[in-house]
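Visitor: A structural model of the following input is requested.
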Amino acid sequence: MKPSPLKIGPLLIDPPVILAPMAGYTDSAFRTLCRKYNCGLTFTEVVNAEGTVRSGRQTLHLLETGPEEHPIAAHIYGANPDTLATAASIIEKMNRFDLIDINCGCPVPKIFRKGAGAALMRNPEKIGEIVRKVKAAVSFPVTVKTRIGLAPGQVNISEVAHAVEAGGGSAIFIHGRAASNRHSGPADWETIARIKAERSIPVVGNGGISNAADVISMFEQTGVDGVMIGRAAVGNPWLFDEVLSLLNNRPYTRHSIEEHRSVILAHIEHLSTIKQNERRYQKKNSRTADEAAALHFRSHLHQYLKGFPGWPHVRRHLNTMHTLKDIMDAVDWILSGSESESP
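Guide: Coordinates of the predicted model:
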């Protein structure tokens, strides 16, 4: 059964299939590609609320977007409710975003040690206070992304979800693993289904998605209002198009090798532009924008080319790729069937 559009406040997200926020991945270049291939909603990388309030140039750079990215959420983190509210107000005035999402699930130590991210799950009442204050500071929807608990023996998502709804949150995005598990082990879809049954606000499931069929399974098994895709979309922005075909019960035709190359080239060229803009905020520019983009793109390249003949050979030489030309020479060698002289 095709799910209804996801309603987050006045927003209708259709299809209700969403790109998860991922540090180092979900910059404007990748978000734009995912939107092109029918991703319903994207998120910024995680943005420091304190840095936003201080007008930190590198923090504000993470909030740069393009007009083709709507709808898009600003994904912020922090531990102080007033600071989060002020940051949200600043972000709304940028007129670039459609909603504010509060990170209450990140397990990264540098965020957790500040009492932010997943550390907020220790105190659901504080999460409710944050949602209330942020909601009072802005006119657009406020949502929360979180985990099912801090550890397998500390699953308190029921209390957290209740606090989000009571605080006026417009939706909750739930990663079905405990924070201590990071991305390892199976995602607990049963718990996500339970929260969907308990709450009145929209519930979006996250975790355990490897392919388009998994998205359909999550909808069917949990009854969620939307599905969020993370790592499975890296190197495969076409995944959203494939999901849309399945949701509409129509055949899906895989893209061509030519399109594969053109998307990789568009991605890395956009990334190079981003890196050029970053140079305005950096005290030291030891690398050119071209070199910085090539370095950043290596993790994307692995996903774009895995499974192709010749990829193991290229992978062994990733550290020698320092320019966009190095990257595209490797791409052309792989996509040509690895028959010519190695790059």
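
Visitor: Contact partners for L305?
Guide: G235, W311, V314, A330, V331, I334 (Cβ atoms under 8 Å, 6 or more residues apart in numbering). Every residue, glycine included, has its C-beta placed from N, CA and C.

Visitor: same check, this time on S89
Guide: So S89 contacts A137, V138 (Cβ under 8 Å, 6+ apart).

Visitor: pLDDT wise, what is it at?
Guide: We have a pLDDT of 98 for S89.

Visitor: Now do the same for it: helix, strand or coil?
Guide: helix (DSSP: H, G, I helix; E, B strand; the rest coil).

Visitor: returning to what we had before: export the contacts of L305 to a markdown table and tack on pLDDT and secondary structure?
Guide: Shown next, in a markdown table, are these (pLDDT from 0 to 100; DSSP: H, G, I helix; E, B strand; the rest coil):
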| residue | pLDDT | secondary structure |
| --- | --- | --- |
| G235 | 97 | coil |
| W311 | 90 | helix |
| V314 | 87 | helix |
| A330 | 93 | helix |
| V331 | 95 | helix |
| I334 | 94 | helix |
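
Visitor: Put together JSON lines for those residues, with distance to G185 and neighbour count on each row.
Guide: Converted to JSON lines, the contacts of L305 look like this (distance: Cβ to Cβ, whole Å; neighbours: other Cβ atoms under 10 Å):
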{"residue": "G235", "distance to G185": "23", "neighbour count": "22"}
{"residue": "W311", "distance to G185": "27", "neighbour count": "17"}
{"residue": "V314", "distance to G185": "31", "neighbour count": "23"}
{"residue": "A330", "distance to G185": "33", "neighbour count": "23"}
{"residue": "V331", "distance to G185": "34", "neighbour count": "21"}
{"residue": "I334", "distance to G185": "32", "neighbour count": "22"}
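
Visitor: my guess is S139 is in a strand, correct?
Guide: No. S139: not assigned to a strand; according to three-state DSSP it is coil.

Visitor: Could you count how many residues lie near the nearest residue to it once chain neighbours are set aside?
Guide: Once flanking residues are discounted, S139 sits nearest to E92: 6.8 Å by Cβ to Cβ, 6 or more residues apart in numbering. Residue crowding around E92 was assessed by other Cβ atoms under 10 Å; the count is 17.

Visitor: With the one 10 residues further on instead?
Guide: The tally of other residues near I102 (other Cβ under 10 Å) stands at 29.

Visitor: tell me the phi and psi of it?
Guide: phi -100, psi 130 (degrees, to the nearest 10).

Visitor: got it, and G56?
Guide: Torsion angles, degrees, to the nearest 10, at G56: phi -60, psi 130.

Visitor: residues contacting the residue lying closest to E278 once chain neighbours are set aside?
Guide: The spatially closest residue to E278, leaving aside those adjacent along the chain, is H61, at 6.1 Å (Cβ to Cβ, 6+ apart). Residues near H61 by Cβ under 8 Å, 6+ apart: N277, E278, Y281.

Visitor: Tell me the buried residues within those residues.
Guide: For the contacts of H61, a neighbour count by 16 or more other Cβ atoms under 10 Å gives the buried set as E278.

Visitor: Packing partners of the helix or strand hosting I18?
Guide: Using DSSP states H and E, I18 sits within strand 17-19. Strand 17-19 sits against strand 42-43, strand 226-229, helix 239-247, with contacts defined as 3 or more Cβ pairs under 8 Å, 6 or more residues apart in numbering; DSSP states H and E.

Visitor: following the last one, which helix or strand comes up?
Guide: Next along the chain after helix 239-247, taking DSSP H and E as the criterion, comes helix 257-278.
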